[in-house]
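>>> return a 3D structure for these sequence lines:
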Amino acid sequence: MSALTTSHPAFARPLRREIRARDADEHARNLSQWDQRYDQLSAGSFSGEVTELWLPKTQVFVERANQQLRQTCAAWPNSVWFGIPDMADGLMAMGGKQLSSRAVCIRDGGAEFDLLTAPDFDLFGVVVDRESFALHLDATRHLDLDRLLQQGDVRDLAPGRKEHLCRKLANILADANSSEADSAAVDDLQGRIFEALAGVLTSQDSQPASLNRTRLQHQQVVDKVRRRVLEQPDAPPSVAELCEQFHISRRALQNCFEDATGLAPLAYVRSLRLNEVRRQLRANTARPISCIAYDWGFSHLSQFAQDYRRLFGELPSETLRS
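Residues are numbered from 1 along each chain as shown. Next up, the predicted model:
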């Protein structure tokens with residue numbers, strides 16, 4: 001990922017946009033002012049949508065996608081991100097922490113983090129200017145933002161509170177769409193967002209999510225395997241090679257991947273490699289498909305084409321043409 005050099009744009013009036021995508025990386029780029037890279041893990045044609053609202057000190061968005069993704073993300077610098085996921089079914093995790101149905105994620109902007117999404121997920125995201133939000137907390141509640149953030153990057157809200165928070169944010173998006181966008185209306189929207197987030201940080205029934213150390217260790221193994229695959233693209237490892245390199249049994253390796261990703265080790269490795277091939281094909285390269293496939297260790301082209309179509313819902317040649 002490239003280094004972050006941009007900060008949030010200062011809009012004098014609400015700016016709302018909606019944009020759809022048929023590719024995971026295209027979907028990642030549609031969220032403005034973020035530095036992101038998405039790998040598609042579940043099989044089928046991709047469909048994603050971002051609805052986004054910008055205010056002078058805040059970005060509010062709803063992100064939807066129909067496939068499971070591994071997201072590597074960083075919000076704009078000097079900000080704080082609040083992520084409120086709604087997963088229909090399946091595993092969802094941030095940085096090795098499995099998310100409950102009542103979870104809210106909180107991360108500083110400019111710092112990279114990993115998010116594993118469930119298929120058919122919705123995510124409410126709010127990114128606020130750090131200094132402005134800190135001043136609001138100090139002026140209205142006499143609280144220190146840095147101290148509040150030290151309480152953990154995943155909070156589990158009491159039953160019903162997460163749904164209440166999502167309704168507040170949905171109403172703000174709707175009101176911004178119908179607002180006449182004068183300064184008073186913008187200030188009101190901004191204040192409502194700050195107050196909603198302050199409620200998350202200060203609620204007495206909000207509890208830091210517990211850290212499952214075994215799952216964190218499993219995620220660390222998956223991360224090491226991912227680095228190994230990306231560093232040596234033309235030599236995809238076998239299960240035996242991974243076990244030898246990381247001093248782990250086959251059963252333990254299987255448990256690590258099923259716990260952290262929901263996939264078997266080789267299925268996860270194959271998905272990473274296929275996503276890299278797809279990125280190069282979508283970059284309008286002049287190189288033949290076969291050369292790109294060989295670069296990523298796919299020596300049997302007919303099997304490669306079948307695997308590619310199974311994951312993305314189209315042949316490599318169709319990606320290249322589109």
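>>> so residue 278 is in contact with residue 318, correct?
No. At 11.0 Å, residue 278 does not count as touching residue 318 under the criterion of CB atoms under 8 Å. Using the backbone N, CA and C atoms, a C-beta is placed for each residue, glycine as well.
>>> between the two, who's got more neighbours?
In terms of neighbours (other CB atoms under 10 Å), residue 278 is the more surrounded of residue 278 and residue 318; the figures are 23 against 13.
>>> in the record's domain split, what are the boundaries for this protein?
15-208, 213-321 (automatic domain parsing).
>>> helices of the chain, residue ranges please.
24-29, 130-141, 145-149, 161-178, 183-202, 213-231, 239-246, 250-260, 265-282, 289-295, 301-312, 316-321 (DSSP state H).
>>> re the thing from before, if you compare the domains of the chain, which one is most tucked away?
Among the domains of the chain, domain 15-208 has the highest mean neighbour count (mean count of other CB atoms under 10 Å), at a mean of 18.
>>> for that domain, the distance to its chain's centre please.
Relative to the centre of its chain, domain 15-208 is centred 10 Å away, using CA atoms, centre = their mean, to the nearest Å.
>>> so, low pLDDT: which residues of the stretch 1-150 of the chain?
Counting by pLDDT under 70, the stretch 1-150 of the chain shows low-confidence ranges at 1-14, 87-90.
>>> which stretches of it form strands?
Ranges of strands within the stretch 1-150 of the chain are 15-21, 35-40, 48-55, 58-65, 69-74, 79-87, 93-94, 97-98, 103-108, 113-116, 121-129, based on DSSP state E, counting those that start in this stretch.
>>> next, the angle from the fourth one to strand 69-74.
Between the axes of strand 58-65 and strand 69-74, defined by axes from the mean of the first three to the mean of the last three CA atoms, to 10 degrees, the angle is 160 degrees.
>>> please apply the same query to the last one.
Computed by the same axes, to 10 degrees, the angle separating strand 121-129 from strand 69-74 equals 0 degrees.
>>> before we move on, what about the third one?
Using the same axes, to 10 degrees, one finds that strand 48-55 and strand 69-74 are set 20 degrees apart in direction.
>>> other SSEs contacting strand 48-55?
strand 15-21, helix 24-29, strand 58-65, helix 161-178, helix 183-202 (3 or more CB pairs under 8 Å, 6 or more residues apart in numbering; DSSP states H and E).
>>> could you point out which of these sits nearest residue 272?
Among the helices and strands packed on strand 48-55, the nearest to residue 272 by CB to CB is helix 24-29 (12.3 Å).
>>> so who does residue 153 touch?
With contact set as CB atoms under 8 Å, 6 or more residues apart in numbering, residue 153 has these partners: 94-95, 97, 105-107.
>>> now residue 228: closest residue in space, sequence neighbours ignored.
Excluding the flanking residues, the one nearest residue 228 by CB to CB, 6 or more residues apart in numbering is residue 237, at 6.3 Å.
>>> how close does the one you found get to residue 271?
To residue 271, residue 237 is 14 Å away according to CB to CB, to the nearest Å.
>>> quick check: bridge partners of residue 79?
When bridges are called by DSSP bridges, residue 79 pairs up with residue 129.
>>> export the helices of the chain as CSV, with columns for distance to residue 36.
Shown next, in CSV, are the helices of the chain (distance: least, CB to CB, whole Å):
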stretch, distance to residue 36
helix 24-29, 4
helix 130-141, 20
helix 145-149, 22
helix 161-178, 21
helix 183-202, 22
helix 213-231, 16
helix 239-246, 27
helix 250-260, 20
helix 265-282, 13
helix 289-295, 22
helix 301-312, 19
helix 316-321, 20
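>>> out of the ones you listed, which comes closest to residue 16?
Of all the helices of the chain, helix 161-178 sits nearest to residue 16, with 5.7 Å by CB to CB.
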